[in-house]
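Q: next comes the sequence, and after it the predicted model I'd like to discuss.
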Amino acid sequence: MDGDTGGVEQANPFRRPLAELEDEARVAAEDLVETQSVSDIPRYVDPAELDRARLLSPTGDGRWTPGAGA
């Protein structure tokens with residue numbers, strides 16, 4: 001007698017039309033784009049930071065540039 005509802009059809013609370021689900025999933029194009037200020041981008045790389053990156057790089061030669069940093 002598993003699943004016997006006594007002849008009464010019970011409505012599934014999770015059953016919804018596909019069109020209704022698609023409408024809820026739509027996102028406006030302007031909400032998909034995020035903008036950020038680019039004025040804070042540094043114009044150069046500090047020589048000491050460049051040497052550090054070269055030293056730690058698996059493709060770098062692992063040597064410090066004389067006089068850089070300190």
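A: Thanks, I have it.

Q: quick one: list the elements packing against the helix ranked longest in the chain.
A: Using DSSP state H, we find that the single longest helix of the chain is helix 47-56. Packing partners of helix 47-56 (3 or more CB pairs under 8 Å, 6 or more residues apart in numbering; DSSP states H and E): none among the helices and strands. In this view, the C-beta of every residue, glycine as well, is placed from N, C-alpha and C.

Q: that one: which residues count as buried?
A: Asp51, Arg54 (16 or more other CB atoms under 10 Å).

Q: can you show me the CA trace of it as PDB?
A: C-alpha atoms of helix 47-56 as PDB (Å, rounded to 0.1, in the frame of the first residue of the first chain):
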ATOM      1  CA  PRO A  47      63.100  47.200  -9.800                       C
ATOM      2  CA  ALA A  48      63.400  45.400  -6.500                       C
ATOM      3  CA  GLU A  49      60.000  43.700  -7.000                       C
ATOM      4  CA  LEU A  50      61.000  42.800 -10.600                       C
ATOM      5  CA  ASP A  51      64.200  41.200  -9.200                       C
ATOM      6  CA  ARG A  52      62.200  39.300  -6.600                       C
ATOM      7  CA  ALA A  53      59.800  38.000  -9.200                       C
ATOM      8  CA  ARG A  54      62.700  36.800 -11.400                       C
ATOM      9  CA  LEU A  55      64.400  35.100  -8.400                       C
ATOM     10  CA  LEU A  56      61.200  33.300  -7.500                       C
END
